[in-house]
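Engineer: sequence? don't have it. structure:
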Ligand code: URA
């Protein structure tokens, strides 16, 4: 997408549109090596924009992976609780970040924050089937029958029939791996609830094929690279 050069400069440098226009009229701005003075010139990711000879690092959108700690809510703002956006906004004061998908307040792990509405819509759209993977600590053992029910589709207490999900043992007693292709409210807790099993810990490790960076401590975050972003595969096939 192309945007106005004065907006590009003001976003990239964190300055007002007026100050960006002043730089332009002084002849301080070059696009791909050529001095440009008009604020309404259109530029995009493919252009190199420099101010006084220094190239600007401009990103139209940002994509952040956060290791959500317990007690933090997956929202943009909240009267009572710290939100996932509160944890990162100091570094991104001019971005309208929001979480693309939710984890419960008591859950931990991978939350993706972005200001790219189309991308967020895509990873949440039921038809796109972006899988989410979790490590779940239970208060009881599972058995082959429960694994089979997850595989064929669990019916929740309210009658909702869910899509097929993966349930696997991990080798640690009462710790299992769950892979979901949909996002129903409190889905994992409700799925195990059908079998009278409680969830003690729930940690999201993957969105699509992208794994949460294991070096991120609870509350820590970093930007997702373009290469990593491609690992969040959009799969249109219905199943
Ligand atoms: N399922 C749940 O029950 N809680 C979460 O946070 C995510 C999936």
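Structural biologist: Nice, I can see it. Only a predicted model underlies this, so the values are computations on that prediction, with no experimental measurement involved.
Engineer: what bridges to the residue lying closest to residue 81 once chain neighbours are set aside?
Structural biologist: Among residues not flanking residue 81 along the chain, residue 73 sits closest, at 4.6 Å (CB to CB, 6 or more residues apart in numbering). Placement of C-beta: from N, CA and C, glycine included. Beta-bridge partners recorded for residue 73 (DSSP bridges): residue 83.
Engineer: and residue 73, how far is that from the ligand?
Structural biologist: 11 Å (CB to the nearest ligand atom, to the nearest Å).
Engineer: the helix or strand harbouring residue 177 and the ligand, any residue contact?
Structural biologist: Assigned by DSSP states H and E, residue 177 falls within strand 175-180. No. Against the ligand, strand 175-180 shows no contacts by CB under 6 Å from any ligand atom, the least distance being 7.0 Å.
Engineer: can you name the next helix or strand after that strand?
Structural biologist: helix 187-193.
Engineer: can you mark which positions in that next one are buried?
Structural biologist: Buried residues in helix 187-193, counted by 16 or more other CB atoms under 10 Å: 187, 188, 189, 190, 191, 192.
Engineer: that helix and the ligand, are they touching?
Structural biologist: Yes. Helix 187-193 lies within reach of the ligand by CB under 6 Å from any ligand atom, at 187, 188, 189.
Engineer: one more: stretch 76-89?
Structural biologist: No. Using CB under 6 Å from any ligand atom, stretch 76-89 never reaches the ligand; the gap is at least 12.2 Å.
Engineer: now do the buried residues in that stretch.
Structural biologist: By neighbour count on 16+ other CB under 10 Å, the buried set for stretch 76-89 is 83, 84, 85, 87, 88, 89.
Engineer: what about stretch 138-145, how long is it end to end?
Structural biologist: Start-to-end span of stretch 138-145 (CA to CA, to the nearest Å) is 16 Å.
Engineer: sorry, wrong one. I was asking about stretch 52-67.
Structural biologist: Stretch 52-67 has an end-to-end distance of 38 Å (CA to CA).
Engineer: next one: it, is it in contact with the ligand?
Structural biologist: No. Stretch 52-67 is not in contact with the ligand by CB under 6 Å from any ligand atom; minimum separation 13.8 Å.
Engineer: ok now that stretch, how far from the chain's centre?
Structural biologist: Chain-centre distance of stretch 52-67: 16 Å, with CA atoms, centre = their mean, to the nearest Å.
Engineer: buried set for that stretch?
Structural biologist: Within stretch 52-67, the residues that count as buried by 16+ other CB under 10 Å are 58, 61, 62, 63, 64, 65, 66, 67.
Engineer: ok, now which ones touch the fourth one?
Structural biologist: In other words, residue 63. Contacts for residue 63 (CB atoms under 8 Å, 6 or more residues apart in numbering) come out as 112, 113, 114, 116, 119, 223, 224, 229.
Engineer: look up the closest residue to it, ignoring the ones flanking it.
Structural biologist: Closest to residue 63 by CB to CB, 6+ apart is residue 224, at 4.2 Å.
Engineer: pretty sure that neighbour sits against residue 64.
Structural biologist: Yes. Between residue 224 and residue 64 a contact is recorded at 6.7 Å, counting by CB atoms under 8 Å.
Engineer: any residues in contact with both of the two?
Structural biologist: residue 112.
Engineer: can you tell me the average pLDDT over the host helix or strand of residue 22?
Structural biologist: Per DSSP H and E: residue 22 is located in helix 17-25. Average pLDDT, helix 17-25: 96.
Engineer: how far does that helix sit from the chain's center?
Structural biologist: Between the centre of helix 17-25 and the centre of its chain there are 34 Å (CA atoms, centre = their mean).
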